[in-house]
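Visitor: One predicted model, sequence on top.
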Amino acid sequence: MSGETLDAHVVVRRGVFRLDAAIAADAGEVVALMGPSGAGKSTLLAALAGLVRLAEGEIRVGDRIVDSGARRRMHVQPSARRVVLLSQDARLFPHLTAHENIAFGPRAQGIVASVADAEADEWLWRVGLDGMGRRRPAELSGGQQQRVAIARALATTPAVLLLDEPLTSLDPETGDAVRAVLQEQLASTRTTAIVATHDAVDAVALAHRMVVLEEGVVTQEGAVRDILSSPATGFAAAVAGLNRVTGRVADGRWERGGLSLGLGGQDDELREGAEAAAVFRPGAVRLERVDATTWTGTLRLTAGREAAGEWVARVVRLEQTPAGVRVHTDPPVVAVDLAPDAALGLAPGVPVQLRLAETNVRFLPVVRPASADAPAPES
Ligand SMILES: Nc1ncnc2c1ncn2[C@@H]1O[C@H](COP(=O)(O)OP(=O)(O)OP(=O)(O)O)[C@@H](O)[C@H]1O
């Protein structure tokens, strides 16, 4: 078993929304597709599956063109593409047993019943449902149903498997178990797959590469680890759990308002006067309440009065996290992780002094997406 290559440029219009995205995967490669809500992930997957017509562009699976916006007659029906879309909900045939659901695809492909039955048995075992083949979907938990759906999809040996947030509807523990099954089975079958997800954990566990989609255009793509350590947009930084503040390089330093940081020898790619993003962990920022006697009531970055790597901001909101408290501050928008005790006395509106050592910061050039319609990377 092995998947095929995917090479697609998809242009789709849905009302005022326009998707214009290229996505490719090598045979057997798993690509994570991440983007904020409404970015066009589901639309892209639906177009790849043949459920939405292209306005422009082309979709190639292996050496076959299965869709072409220019030549409208080229639209291979979804059932004939060998591109299988697995959605958030398992959507099993309710009247069939788990075994029958899995055997359905191979049977429909003309495989003789005894062989299809044996394959379904093997798939039940592979996804950890040995002995549950006679149950109907209503007699299975959500996680078990999703395991059947994964087996049903893979049993058809798809050229490309598209997964639209396959773990979102599951509780964290069940999601972890199903993610492990998916990881194992995608790898052992060498299935080409595109996995749309909101969760960086899915991307790291399942995918080799990542494509970031924002407002219908690709804003970054590359190895998953590279994107998570060098996010090109505010969204990608948020996915990675990092702060990303855009500023400018001036006199060999990075500056944003009154906040100034040395580049710490990272100036190779950064031109004088160019826009650059400072990327740092919420845990790397030191935070203290501002002494009321020095607080004028006017919040501004006090250029010249603050030392390098220091700035004054207000608390915007506090968020409880498993490890403590995440304090959101502005301006600029920066999250700070504190131990629970350190957050005592903080509340929205309270002025705070923040400190950041330049050794804890990565400076990245700000790259504007090629498309004129592309969203600007946020601060
Ligand atoms: N059938 C439709 N008709 C018109 N507009 C649509 C239709 N389906 C989706 N859209 C619009 O297309 C855009 C992209 O939606 P899509 O569901 O692809 O985003 P998404 O990235 O998958 O979001 P989410 O993560 O919330 O599922 C949105 O602005 C949405 O409102």
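Guide: Noted; the coordinates are in hand.

Visitor: Excluding covalently adjacent residues, which one is nearest to Val12?
Guide: Spatially, and ignoring its direct neighbours in sequence, Val12 is nearest to Leu19 (4.5 Å; CB to CB, 6 or more residues apart in numbering). Using the backbone N, CA and C atoms, a C-beta is placed for each residue, glycine as well.

Visitor: Beyond whatever helix or strand the one you found lives in, next helix or strand please.
Guide: Using DSSP states H and E, Leu19 sits within strand 17-25. Using DSSP H and E, the helix or strand that follows strand 17-25 in sequence is strand 30-34.

Visitor: could you check the angle strand 17-25 makes with the following helix or strand past that next one?
Guide: Counting by DSSP H and E, the element after strand 30-34 in chain order, helix or strand, is helix 41-49. Relative orientation of helix 41-49 versus strand 17-25 (axes from the mean of the first three to the mean of the last three CA atoms, to 10 degrees): 60 degrees.

Visitor: Run the angle between helix 41-49 and strand 30-34 for me.
Guide: Relative orientation of helix 41-49 versus strand 30-34 (the same axes, to 10 degrees): 140 degrees.

Visitor: Just the mean pLDDT for helix 41-49, thanks.
Guide: Averaged across helix 41-49, pLDDT comes to 96.

Visitor: wait, does that helix contact the ligand?
Guide: Yes - Helix 41-49 lies within reach of the ligand by CB under 6 Å from any ligand atom, at Lys41, Ser42, Thr43.

Visitor: Could you list the buried residues of that helix?
Guide: When burial is assessed from 16 or more other CB atoms under 10 Å, helix 41-49 yields the following buried residues: Lys41, Ser42, Thr43, Leu44, Leu45, Ala46, Ala47, Leu48, Ala49.

Visitor: Could you report the pLDDT at the residue lying closest to the last one once chain neighbours are set aside?
Guide: I take that to be Ala49. Leaving aside its chain neighbours, Ala49 sits nearest to Leu85 (4.1 Å; criterion: CB to CB, 6+ apart). Looking at Leu85, its pLDDT stands at 95.

Visitor: Buried residues in the helix or strand harbouring Leu85, which are they?
Guide: Assigned by DSSP H and E, Leu85 falls within strand 83-86. For strand 83-86, the neighbour count (16+ other CB under 10 Å) marks Val83, Val84, Leu85, Leu86 as buried.

Visitor: so which of the buried residues of helix 41-49 would you say is closest to Ser229?
Guide: Lys41 (22.5 Å; CB to CB).

Visitor: List the residues that contact that closest one.
Guide: Leu33, Met34, Gly35, Asp164, Ala196, Leu213 (CB atoms under 8 Å, 6 or more residues apart in numbering).

Visitor: which SS state does the spatially closest residue to Ile111 that is not a sequence neighbour fall under?
Guide: Using CB to CB, 6+ apart and skipping the chain neighbours, the partner closest in space to Ile111 is Glu119 (7.4 Å). On the three-state scheme (DSSP: H, G, I helix; E, B strand; the rest coil), Glu119 is labelled helix.

Visitor: Any chance you could list what contacts the strand holding Leu85?
Guide: Contact with strand 83-86 is made by 45-46, 48-51, 61, 66, 149-150, 153, 156, 158-164, 166, as judged by CB under 8 Å, 6+ apart.

Visitor: Please apply the same query to stretch 127-147.
Guide: By CB under 8 Å, 6+ apart, the residues outside stretch 127-147 that reach it are 90, 92-99, 101, 120-121, 124, 148, 150-151, 166-167, 169-171, 174-175, 177-178, 181, 185.

Visitor: Name only those of these that count as buried.
Guide: Counted by 16+ other CB under 10 Å, the contacts of stretch 127-147 give 90, 92, 96-99, 101, 120, 124, 148, 150-151, 166-167, 169-170, 174-175, 177-178, 181, 185 as buried.

Visitor: from the buried residues of helix 41-49, which two are the most distant?
Guide: The largest separation in the buried residues of helix 41-49, counting by CB to CB, is between Lys41 and Ala49 at 12.7 Å.

Visitor: tell me the mean pLDDT over stretch 178-195?
Guide: 94.

Visitor: So is that stretch next to the ligand?
Guide: No - Stretch 178-195 does not reach the ligand (CB under 6 Å from any ligand atom); its nearest approach is 12.4 Å.

Visitor: Next, the buried residues of that stretch.
Guide: Of all the residues in stretch 178-195, those buried under the rule 16+ other CB under 10 Å are Val178, Arg179, Val181, Leu182, Gln185, Leu186, Thr189, Thr191, Thr192, Ala193, Ile194, Val195.

Visitor: Pretty sure Pro36 sits against Glu214.
Guide: Yes - counting by CB atoms under 8 Å, Pro36 does reach Glu214; the two are 6.4 Å apart.

Visitor: quick one, which of these two is more surrounded?
Guide: Glu214 (24 against 18; other CB atoms under 10 Å).

Visitor: Look up how far the ligand lies from the more buried one.
Guide: Glu214 is 9 Å from the ligand, where distance means CB to the nearest ligand atom, to the nearest Å.

Visitor: So which bits of this structure are right by the ligand?
Guide: So the chain meets the ligand at Arg14, Gly15, Phe17, Gly35, Ser37, Gly38, Ala39, Gly40, Lys41, Ser42, Thr43 (CB under 6 Å from any ligand atom).

Visitor: This completes my enquiry, with thanks.
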